[in-house]
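Participant: sequence plus predicted model, see below.
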Amino acid sequence: EEVTEIVDGAQKESKIESKVNVISRTWDDLAFTFDEKGDTYELGDLGAIVEFVETQSMDLMTMLAQKEVEEFKENVSKWQKTLKTVDSVIEIWVKVQKNWSRLNPIFLASEDIRGQLPDDTKRFEKVDLDWKELMRDAVENNQVVEACTCEGREEQLNGFYQDIETCEKALNAYLEEKKKVFPRFYFLDSQSLLMLLAQTKDP
């Protein structure tokens, strides 16, 4: 009975060790893909990466609940923390990319908006420059864990998100003024209205 118990524990330890090794090898090889967009890049398909994060985070949680994890607890906890960071960084990265892509032509192409919202235009221009620099760095260092856990990456993306939110609030106030002048604009959603106002040079 004692031998059986020892063997059973050893087999469970072996499974944990194998799974941790698989997780480590997975993220050694996993890299972001990028799509060119004008003079910058955007994150490509993230389906496989997100799936790995979700399934392996569950695996790590299950491992930590087992008493046999003791020998590997430090490594398992490290990977759990790493994947949590990867998950939160990808989430904010996608949000920033979506909002930047939507507001870019509006703030950089519409003279009317640039004239009416000079402070927010400057704010967005700074975000635009920093965003492009971040994406160039990510293309050069595209390994997922490295790109997501490098110092200051998450804080920088959160800063972008806050600045873009500020610009968007100013835009919404600007749109309300336009609607008061020309009430038919109330029948358009904000995105369609912004597209129209961004093209006032070519009615």
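Facilitator: Alright, I've got the coordinates. Numbers count the residues shown, from 1 in each chain.
Participant: so where's the protein shaky on pLDDT?
Facilitator: Along the chain, the parts satisfying pLDDT under 70 run over 197-203.
Participant: OK, contacts around the residue nearest the centre of it?
Facilitator: Nearest to the mean C-alpha position of the chain, by C-alpha atoms, centre = their mean, lies residue 93 at 1.9 Å. If you count contacts by C-beta atoms under 8 Å, 6 or more residues apart in numbering, residue 93 has them with 43, 157. Where C-beta positions appear, they are placed from N, C-alpha and C, glycine not excepted.
Participant: confirm that it sits in a strand.
Facilitator: No: counting by DSSP: H, G, I helix; E, B strand; the rest coil, residue 93 is located in no strand; its state is helix.
Participant: who are the packing partners of the helix or strand residue 191 falls within?
Facilitator: Using DSSP states H and E, residue 191 falls within helix 190-197. Packing partners of helix 190-197 (3 or more C-beta pairs under 8 Å, 6 or more residues apart in numbering; DSSP states H and E): helix 73-109, helix 153-181.
Participant: which other helices and strands contact the shortest one?
Facilitator: By that I understand helix 153-181. Judged by 3+ C-beta pairs under 8 Å, 6+ apart, helix 153-181 is in contact with helix 73-109, helix 111-116, helix 118-140, helix 190-197.
Participant: quick check, residue 76 in contact with residue 63.
Facilitator: Yes: in terms of C-beta atoms under 8 Å, residue 76 counts as a neighbour of residue 63; the distance is 5.2 Å.
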